[in-house]
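>>> Return a 3D structure for these sequence lines:
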Amino acid sequence: MSITEEVKLSFDWGGLKLAGSLDLPSGAGRHPAVLMAQGSGPADRDSGGYFEPIRQTFIDRGVATFAFDKPGCGESSGDWRHYALEARAEQLATALELVRNHPAITDERVGIWGHSQGGWLVQKLAGRRHPLAFAIANSGPTIGVKEQILYNCEQTIRNHGYDQQEIRDALTLTRALAQAAAEGADFESISGQLLKPASLQSWYDSYPTIDDASDWHHTKLLMGERHEPLSDLGRITCPFLAVYGGLDTLLPPWQGAEDSGHALAAAESRDVTVVVFPLGDHRIQDPDTKDFVDGYLNLLGGWIADRAH
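Below you'll find the model as predicted:
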């Protein structure tokens, strides 16, 4: 099935104008729809091309899609670094209402798919009993922000071949930055006291570092919010799918799958599924070819078709 129409939509939120595209499948009448949420960092409505085959998978199953440019990206105003998880969740909630109210959409058949940080947001919105027809968390961490940053730091430094002492040094820096964020330190302080001394270390070029005051502001926002993914998962009432890649280095995938399963077992929803693709990375792709691993797109398409219609 092909896209028959791309409808440009925008909405106001917090003084910003956020712009996106509603892509409609062929066929007369109203359609179910899925809102697509990007991961961390700057991203347009296509997430740099990552969304395109996933969007097509949904379209092929007769499900419309909507995604919008993050603040300061594409056609949206603002700066994405000024907003953390709570603000992003509010933006997505506003976008959900925009989609539900569109005349081409069946309002009670609207759900959400989110990747990485977007997976956190899926957990958050579904756990708050938003009227979702379904929810899919793609590499959605079950750990908090600080824990995820520490895990990513350790895996990144290790994968670049550094020894245990160098890994410990990088983790020490990460913990010190987290403490500085909690204390509200400014960028000049952490740059002079933490980043510049660490920049002399051989591993620093591989470190997921902080480049300027805006990056540090965003880090402080993320660190300052209370975020409990397992509590969110335990409150979910709609059909829910959690997908992980076994080779993920940004979060512990096997722990995430196990923790998701335990939390969802206590949730009100009885339609919950947790899947790990052992050969998939954070994006559920082959790390070498960057192709989606076998079965992933078919899983998404079949699962959403059963719930959306």
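>>> strands paired with the worst-scoring helix or strand of the chain on mean pLDDT, and their directions?
Across the helices and strands of the chain, mean confidence by mean pLDDT, DSSP states H and E is lowest for strand 3-13: a mean of 90. The strands beside strand 3-13 in its sheet (DSSP bridges) come out as strand 16-25 (antiparallel).
>>> can I have the partner strand written out in CSV, keeping just the CAs?
Taking Å, rounded to 0.1, in the frame of the first residue of the first chain, the C-alpha atoms of strand 16-25 are listed here in CSV:
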residue,chain,number,x,y,z
LEU,A,16,6.5,27.3,19.7
LYS,A,17,5.1,26.2,16.3
LEU,A,18,5.9,22.5,15.8
ALA,A,19,5.5,21.3,12.2
GLY,A,20,5.0,17.8,10.9
SER,A,21,3.4,15.5,8.3
LEU,A,22,0.4,13.2,8.5
ASP,A,23,0.9,10.5,5.9
LEU,A,24,-2.3,8.7,4.9
PRO,A,25,-2.6,5.3,3.3
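>>> List the contacts of it.
1-12, 31, 33, 45, 55, 59-60, 62-69, 71, 74-78, 91, 95, 99, 102, 104-105 (Cβ atoms under 8 Å, 6 or more residues apart in numbering). Every C-beta, even on glycine, is put in place using the N, C-alpha and C of the backbone.
>>> What would the least confident helix or strand of the chain look like as PDB? C-alpha coordinates only.
Only the C-alpha atoms of strand 3-13 are listed here, as PDB (Å, rounded to 0.1, in the frame of the first residue of the first chain):
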ATOM      1  CA  ILE A   3       1.000   6.800   0.700                       C
ATOM      2  CA  THR A   4      -1.900   8.600  -1.000                       C
ATOM      3  CA  GLU A   5      -1.500  12.000   0.600                       C
ATOM      4  CA  GLU A   6       1.000  13.800   2.800                       C
ATOM      5  CA  VAL A   7      -0.800  16.400   4.900                       C
ATOM      6  CA  LYS A   8       1.400  19.200   6.400                       C
ATOM      7  CA  LEU A   9       0.100  20.000   9.900                       C
ATOM      8  CA  SER A  10       1.500  22.200  12.600                       C
ATOM      9  CA  PHE A  11       0.400  23.000  16.200                       C
ATOM     10  CA  ASP A  12       1.300  25.500  18.900                       C
ATOM     11  CA  TRP A  13       2.900  24.400  22.100                       C
END
